[in-house]
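Asker: make a model of this:
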Amino acid sequence: MIDEEEIEQLRTAARAGVVTEARNAKLLDAAFAIISYNSSHRQFGPLRPLPIDLRVLRDRFSEIEIDDARRRVRALFHDAYQAGEDALAHRPSHPEIVDKLRQRHPGFSDKCYEDTIRQGCFLAR
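Answerer: Below is the predicted model:
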């Protein structure tokens, strides 16, 4: 059985991994990683660690840049459900779904688009 101390170590490690990923990524991907973690991984995972504040990026980006990235990530997530529904129904093809996200929300990495579709599939089930 896992004790409370081990659970806290796992929580800290999960959170630290996302912070490290975000600090090494381009702004949109960094904001995506943090917001994705806060909105789904943290809420639906078994450990429920504390949320990560986007201000961890202030050493690399301005508040205005971070706020713009937050807005753009939320807009991408807004389209997640439809992307997931389309992927589950296989209409249109997966590459077409990714291209549609890329056109509507430029500047993210392929990983972000794939994660958006994956989260959308979870929501659409």
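
Asker: any idea where the strands of this structure begin and end?
Answerer: Remark: no strands are assigned in the chain by DSSP state E.

Asker: lowest average confidence, helix or strand, in it?
Answerer: Here the helix or strand of the chain ranked lowest by mean pLDDT, DSSP states H and E is helix 42-44, holding a mean of 60.

Asker: nearest residue to the spatially most central residue of the chain in space, please, no chain neighbours.
Answerer: Nearest residue to the geometric centre of the chain (Cα atoms, centre = their mean): S36, 2.6 Å. Spatial nearest neighbour of S36, chain neighbours left out: D115 (6.2 Å); criterion: Cβ to Cβ, 6 or more residues apart in numbering. Yep, even glycine has a C-beta here, placed from its N, CA and C like the rest.

Asker: tally of neighbours for that neighbour?
Answerer: 20 (other Cβ atoms under 10 Å).

Asker: now do it against I7, distance only.
Answerer: Going from D115 to I7 by Cβ to Cβ, to the nearest Å gives 25 Å.

Asker: check which residues of stretch 55-72 are buried.
Answerer: Of all the residues in stretch 55-72, those buried under the rule 16 or more other Cβ atoms under 10 Å are L57, F61, I66, A69, R72.
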